[in-house]
Structure formats: C-alpha cells, structure tokens
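Peer 1: Sequence first, then the predicted structure:
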Protein chains: 2
Amino acid sequence: MAKVTEFPHPYVTVDVLIFSIIEDELNILLIKRSNEPFKGKFALPGGFVAVEENLDAAVIRVIKTKAGMAGIYVEQLYSFGEIKRDPRGRVISIAYLALVPEERTKIVNDEVHTIEWFKVNKLPPLGFDHKRIIEAGFNRLKSKLDYSNIAVGLMSQRFGLGGLQRVYETILGRPLDKRNFRKKMLSLDLLKEVGESKGGRHRPSKLYSFESSKPVFFK
Amino acid sequence: MAKVTEFPHPYVTVDVLIFSIIEDELNILLIKRSNEPFKGKFALPGGFVAVEENLDAAVIRVIKTKAGMAGIYVEQLYSFGEIKRDPRGRVISIAYLALVPEERTKIVNDEVHTIEWFKVNKLPPLGFDHKRIIEAGFNRLKSKLDYSNIAVGLMSQRFGLGGLQRVYETILGRPLDKRNFRKKMLSLDLLKEVGESKGGRHRPSKLYSFESSKPVFFK
DNA sequence: ACAAAAGTGTTTCCTTTACACCCATGT
DNA sequence: ACATGGGTGTAAAGGAAACACTTTTGT
C-alpha cells in the first residue's frame, strides 16, 4: 500500500483533565512546567502521540507517567487545534476527561515532575489554552451528571448515598434535596447494597456500589 | 521560542459528515475515491490538516472543495485515532458533523470528483473506518434533536411546522403527535413568524424562522 | 443529653402523552 | 366534492420538586 508522501504536518498531543473531589471541593491535577514554554506555570498533564501508539494508549501512558495513576475512568472530551495555541509550533491537542476517587488522589512528587491538585475555582496561572480546555471539561462533567452515571468514576468501590450526594452537590454547586436524591438514585436500579459502614462518627449508613462500572445514560 | 525538535508524528485529517434530508430520507454526502487505498469505494469527504491551517478552516476548506458548499452548520464530532485505521500510515481523523438544507443539496460533479448523496440506511461499501464514524454522527444527530435546536441546520430560512416535524420524524424514525409537536416547538420561543406559504397544493401554512441560527440547548 | 448524619412519604406542580375534529386551498 | 396538509384544546398520567420529622450512633 502506498504510504503518505511526507509533508509537514501538525503534531498531536493528548492532554488529560484528571478531576477528583477532595475535601468536598472539585479539584484538577496540574503539572508544573519545568521547560519552556510557560516554564514555572502549571498545565494539564499531556504528551505527544507517537506514530505507533493508539490515542487511548497515549492517554493511559500520560496518566501513568505524569500522574502515577492507572485504571481510572477516561473519556474523550474535544480536540483543540488553533494554529497558535502552542508557541513551539503547530500542535493539535486531543483533550480527555478522567476521574479518580478521592481515596486514590495521593500524589508522589519526584525531582523531575511537580504535580499538584488545584481547586477548579482557584486555578493558578496556566500555560497554553488550558484554562479554556478545563472550562470545557468542567461543563461536560456538570452536564453528564444530569443524564449519566459518570459519578461512578469519582466514587470508591463502596459508598453511602450521603457521600454520593455530596459529590453531586459539589460539582453542581448547589444543594440537592436529600429525599428526592435518594428516591431518584435508588429508582434507577444502578446501585446494589453491599453492606454497612462501620466506625463512623455517626449512624452507620448502607453502602452501595454501582451495578456497572461502565457509563450508563438515563432518561 | 524553542520549536519542537522534529520527530515522526501522526498525520491529521478532518473528515466531514454532511447530512441532509432529501425526499423525506436522511442522506449523507460521500465521495468516490479515485485513488488507493479503497479506490472505487466511497468515503467521507476529508483532507489533511496543514500546518498553517486552523481545524475550523480545514473543515470549511473540505466542505468547499470537496462538496462545493459553504455557510452550513458545522460542529466537531469526535476524534478517531486507531493506529491501523488508514492503510497509508498513521492518520488521526477529527470528524465533523455538518448539516445542509434540502434546497442546497444539488451537487455538481466534475471529472475529478464523484460525490453522491446516500440514504443513511443504504450506505454503499465504505473505505477506512467511515462506517463507524457515520454511526457515531447519526447517533449524535438523533440525540441532539431531543435537547437542542440542531434542526436549524437542516431547514431553509423559512419553513412551516409540518416540514419541521417531518425532519424530526425522519431522523428519529418514528411518528410524532402533531399537536404536541407544535405546542412544544412554539413554547420554546425559538421561532418567529415570518409570513405565509403561497402556491402550495393545499392550505397555506404559517412560515417561521429560527430566532437564533446558532445552536440552543433546551430543558 | 446532644451533635451529626442516616433514613423515610406525601402532596403539589409541571411536563408529557394521548386523542379527534374542522379549515383552507387546488384540482 | 374531494383530497391534502394546516390548524386547534383538553384530560390523564407520570416525573420532578417541595417539604419535616424520627433513628442511630459516638462522645
């Protein structure tokens, strides 16, 4: 098969928005840039896509090598391709949205990379067009809460309805009615009971897990 | 600013799904490939993204040069990046969904390009992974009908409610109740009256146009 | 006993659905 | 006159929203 005749063409990166709820606030994982451009500023973890690497594989690699995480929820967000979005040259970024439960948010920094969680409402100065990309991801997350079980990705394997409601309230930025929330969640038949919490400060709660860890669309 | 040190990297194309309703059927515009790979098969109109070309500009260029159209509704669909999706080498495709009103679906074929409308339910053999991409676009179109005014892109500037309902029914593949459809549409305050149809075979209908030609999300 | 989160039902409202007949026009 | 699509209202059902008190536990 005839190969493409070589000609100059854009580079492609994947950039990953890793969100988590930490202490009842929505956070995103950013990495401090140790090189120009935007040296010293924070940016999304990302990497160039290699010729022999699937997009999905590139995302998994970035999440592993830059954030030290694996096995988390990932979906494609959008592709950004303005000519001048990267001062180094023409770089098209395919952005992905990823979610990690709070219990897996510990980060280990070495001397090379500095990664840090930031509250989405208090972002530091960001390189590239990453502020805009984060806004797009935040909007996607908010709207998918309404019609899907995307929150799966933010919950540990067993959780109580109170904790699930706090996740919803944190992302949506408004309080929800407890009885209606429970009624809705239980009526969807997505949760199964898996025991009781122990050793909390208060009345123990029933614990649930999602029937399917894959995304489900409702209504 | 330091440029990217050159290294082999994927090519990027934009591929465009141009949909229209023609004679009460949903159609998509395909182009017969005159070169290998997949010579003689049909495929989506597409083109490589140049280094000095915004993604949006590339899409507009493809729609203009391959389909002879301009000024139509376009939105980004999804990016496809399997290693082996293009036999010529590593090519990442950023797919776009475009809509054109029936009145602007006339195509002019020259000797170089053969383009043709196909009913979405009767597609010819397709090259690449374009069958899968078309399915993704069709699903996007169906679901956006429910919660947005994406149908704007398929209507001429002035249209009757009957015609609008036929567009909805064609895409959704099921009949809708006339009274409920009208009630819903008019209650959204997206339409403004712009006169009456003349010279039809039957009772003249009120004509409407969309208040905003930009997409609106409802609910 | 009290502080804190868990748990539980009913009513109201609004949106969605189902459904049938007359009207205006061209032939 | 008839065939064809345009145009209209109301009732029933279902889902969403509002709302307050009791229970269980640890301290």
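Peer 2: Sure thing, it's come through. Quantities reported herein were computed from a predicted structural model and do not represent experimental measurements.
Peer 1: hang on, isn't A:A151 packed against A:V167?
Peer 2: Yes: with contact taken as C-beta atoms under 8 Å, A:A151 and A:V167 are classed as touching, separated by 5.6 Å. Heads up, the C-betas are built off the backbone N, CA and C, glycines and all.
Peer 1: Check what pLDDT the residue of chain A found nearest DNA strand D gets.
Peer 2: With C-beta to the nearest atom of the strand as the measure, the residue in chain A that lies nearest DNA strand D is A:R203; the distance is 2.8 Å. What the model reports as pLDDT for A:R203 is 97.
Peer 1: a strand runs through it, doesn't it?
Peer 2: No: going by DSSP: H, G, I helix; E, B strand; the rest coil, the assignment for A:R203 is coil, not a strand.
Peer 1: Tell me, how many residues neighbour it?
Peer 2: The local packing count at A:R203 equals 6, with neighbours defined by other C-beta atoms under 10 Å in any protein chain shown.
Peer 1: quick one, phi psi at it?
Peer 2: The phi/psi pair for A:R203 (degrees, to the nearest 10) reads phi -60, psi 130.
Peer 1: Return the distance of it relative to DNA strand C.
Peer 2: Applying C-beta to the nearest atom of the strand, to the nearest Å, the value for A:R203 to DNA strand C is 4 Å.
Peer 1: now swap in A:S79 and tell me
Peer 2: From A:S79 across to DNA strand C, the span is 32 Å (C-beta to the nearest atom of the strand).
Peer 1: Would you mind confirming that that residue is in contact with B:S93?
Peer 2: No: contact criterion C-beta under 8 Å: A:S79 and B:S93 do not qualify, at 10.3 Å.
Peer 1: hmm, who's touching the longest helix that chain A contains?
Peer 2: When secondary structure is assigned using DSSP state H, the longest helix within chain A turns out to be helix A:130-147. Under the criterion C-beta atoms under 8 Å, 6 or more residues apart in numbering or on different chains, residues A:15, A:17, A:19, A:26, A:28, A:43-44, A:77-78, A:80, A:93, A:95, A:97, A:120, A:123, A:126, A:150-151, A:168, A:171-172, A:217-219 lie in contact with helix A:130-147.
Peer 1: buried stuff in it?
Peer 2: For helix A:130-147, the buried set under the neighbour-count rule, 16 or more other C-beta atoms under 10 Å in any protein chain shown, comprises A:130, A:133-134, A:137-138, A:140-141, A:144-145.
Peer 1: Dump these into JSON lines; add pLDDT and distance to DNA strand D as well.
Peer 2: Output for the buried residues of helix A:130-147, formatted as JSON lines (pLDDT from 0 to 100; distance: C-beta to the nearest atom of the strand, whole Å):
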{"residue": "A:H130", "pLDDT": "98", "distance to DNA strand D": "33"}
{"residue": "A:I133", "pLDDT": "98", "distance to DNA strand D": "30"}
{"residue": "A:I134", "pLDDT": "99", "distance to DNA strand D": "27"}
{"residue": "A:G137", "pLDDT": "98", "distance to DNA strand D": "24"}
{"residue": "A:F138", "pLDDT": "98", "distance to DNA strand D": "21"}
{"residue": "A:R140", "pLDDT": "98", "distance to DNA strand D": "20"}
{"residue": "A:L141", "pLDDT": "98", "distance to DNA strand D": "19"}
{"residue": "A:K144", "pLDDT": "97", "distance to DNA strand D": "15"}
{"residue": "A:L145", "pLDDT": "96", "distance to DNA strand D": "13"}
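Peer 1: what's the farthest-apart pair in the residues you listed?
Peer 2: Using C-beta to C-beta, the buried residues of helix A:130-147 reach their maximum pairwise distance at A:H130 and A:L145, which is 22.5 Å.
Peer 1: A:G153 and A:Y73 touch, don't they?
Peer 2: Yes: under the criterion of C-beta under 8 Å, A:G153 makes contact with A:Y73 at 3.0 Å.
Peer 1: any shared contact partners between these two?
Peer 2: If you check A:G153 and A:Y73 against C-beta under 8 Å, 6+ apart, the residues they both contact are A:98-100.
Peer 1: Spit out the contact partners of the residue of chain A found nearest DNA strand C.
Peer 2: For chain A, the residue positioned closest to DNA strand C under C-beta to the nearest atom of the strand is A:G162, at a distance of 2.5 Å. Residues in contact with A:G162, defined by C-beta under 8 Å, 6+ apart, are A:S205.
Peer 1: Same question for A:M185.
Peer 2: Applying C-beta under 8 Å, 6+ apart, one finds that A:M185 lies in contact with A:161, A:164, A:191.
Peer 1: Surely the second one is within a helix?
Peer 2: Looking back up the chat, that one is A:L164. Yes: counting by three-state DSSP, one finds A:L164 located in a helix.
Peer 1: quick one, what contacts it?
Peer 2: So A:L164 contacts A:151, A:155, A:185, A:208 (C-beta under 8 Å, 6+ apart).
Peer 1: What ranges does chain A have for its helices?
Peer 2: Per DSSP H, chain A has helices spanning A:55-67, A:130-147, A:161-172, A:178-187. These are given in chain order.
Peer 1: Ok, which of those helices comes nearest B:T105?
Peer 2: In terms of C-beta to C-beta, the element of those nearest to B:T105 is helix A:130-147, at 32.4 Å.
Peer 1: That closest one to helix A:161-172, inter-axis angle?
Peer 2: Relative orientation of helix A:130-147 versus helix A:161-172 (axes from the mean of the first three to the mean of the last three C-alpha atoms, to 10 degrees): 140 degrees.
Peer 1: how far does helix A:130-147 sit from the chain's center?
Peer 2: Relative to the chain's own centre, helix A:130-147 is displaced by 10 Å; criterion: C-alpha atoms, centre = their mean, to the nearest Å.
Peer 1: That helix near DNA strand C anywhere?
Peer 2: No: residues of helix A:130-147 are not located near DNA strand C by C-beta under 7 Å from any atom of the strand, the shortest gap being 13.1 Å.
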